[in-house]
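# fold the stuff below for me.
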Amino acid sequence: MAIERDLQKLDQVNNAVMEGSESNSTMDSENCIENIQGDSSQRVLTRKYSKFNDYDLKVDPAQECRASEIRIFSAKRPHMRAFHFAWWSYHVAFLMWFSISPLLTEVQDSLNLTKEEIWTSSIAAVAGTIVMRFALGPFCDKYGPRIPMGVILLCSAIPTGLTGLVNSATGLTVIRFFIGIGG
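Numbering: from 1, shown residues only. Below you'll find the model as predicted:
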């Protein structure tokens with residue numbers, strides 16, 4: 001209902017601009033209108049919805065309210081919480097992807113693997129990463145980066161946890177491919 005009211009206000013502001021009115025009309029409700037100043041031929045009004053009325057950080061309205069400063073020890077929404085979740089998820093993905101690398105000599109000895117089989121498993125890990133990066137682009141365009149990253153981390157946690165159950169070269173290659181998806 002509030003969005004419909006805001007859309008009606010948007011139509012009123014657009015009509016005023018088309019008529020050449022020089023008034024600086026802005027909407028008061030939920031930052032739904034951003035008004036860029038200028039003459040009537042260059043004035044741009046865009047519809048914009050934000051669930052936050054104010055921000056803890058300084059933001060740049062010309063860049064869709066992106067933060068223009070950083071406070072490392074803050075976890076306030078939306079900017080700093082997104083920042084901290086982003087670096088933490090990157091850290092988790094990095095740890096998952098490289099979790100078996102320091103243990104490869106021990107795995108090689110315990111499973112009696114050749115160097116070629118170890119290299120094959122490493123190539124499978126990189127191949128999993130490449131495949132997922134190509135597939136992830138459209139998903140990030142459609143759903144944003146947070147949801148796909150969370151799904152990938154959850155799905156990659158399963159093969160990472162099952163690494164200890166590997167008992168053959170084929171199993172190592174397959175498990176590293178699926179771990180590579182998280183990288």
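# measure Leu136 to Ile181 for me?
For Leu136, the distance to Ile181 equals 9 Å [Cβ to Cβ, to the nearest Å]. For every residue, glycine as well, the C-beta is placed using N, CA and C.
# burial of the residue nearest to Ile152 when sequence neighbours are not counted, as a residue count?
By the measure of Cβ to Cβ, 6 or more residues apart in numbering, the closest residue to Ile152 outside its immediate chain neighbours is Gly182, 5.6 Å from it. Counted with other Cβ atoms under 10 Å, the neighbours of Gly182 add up to 26.
# so what sits against both of Leu136 and Ile181?
Common contacts of Leu136 and Ile181, defined by Cβ atoms under 8 Å, 6 or more residues apart in numbering, comprise Ile152.
# and the two? Which one has more around it.
Ile181 (23 against 16).
# the more buried one against Thr129, yeah?
Yes: assessed by Cβ atoms under 8 Å, Ile181 is found in contact with Thr129 at 7.0 Å.
# residues in contact with Asp56?
By Cβ under 8 Å, 6+ apart, the contact set of Asp56 is 71, 74, 76, 79-80.
# separate out the buried members of these.
Buried residues within the contacts of Asp56, counting neighbours by 16 or more other Cβ atoms under 10 Å: 79-80.
# just send the contacts of Asp56 back as CSV, with pLDDT too.
Shown next, in CSV, are those (pLDDT from 0 to 100):
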residue, pLDDT
Arg71, 82
Ser74, 82
Lys76, 81
His79, 81
Met80, 87
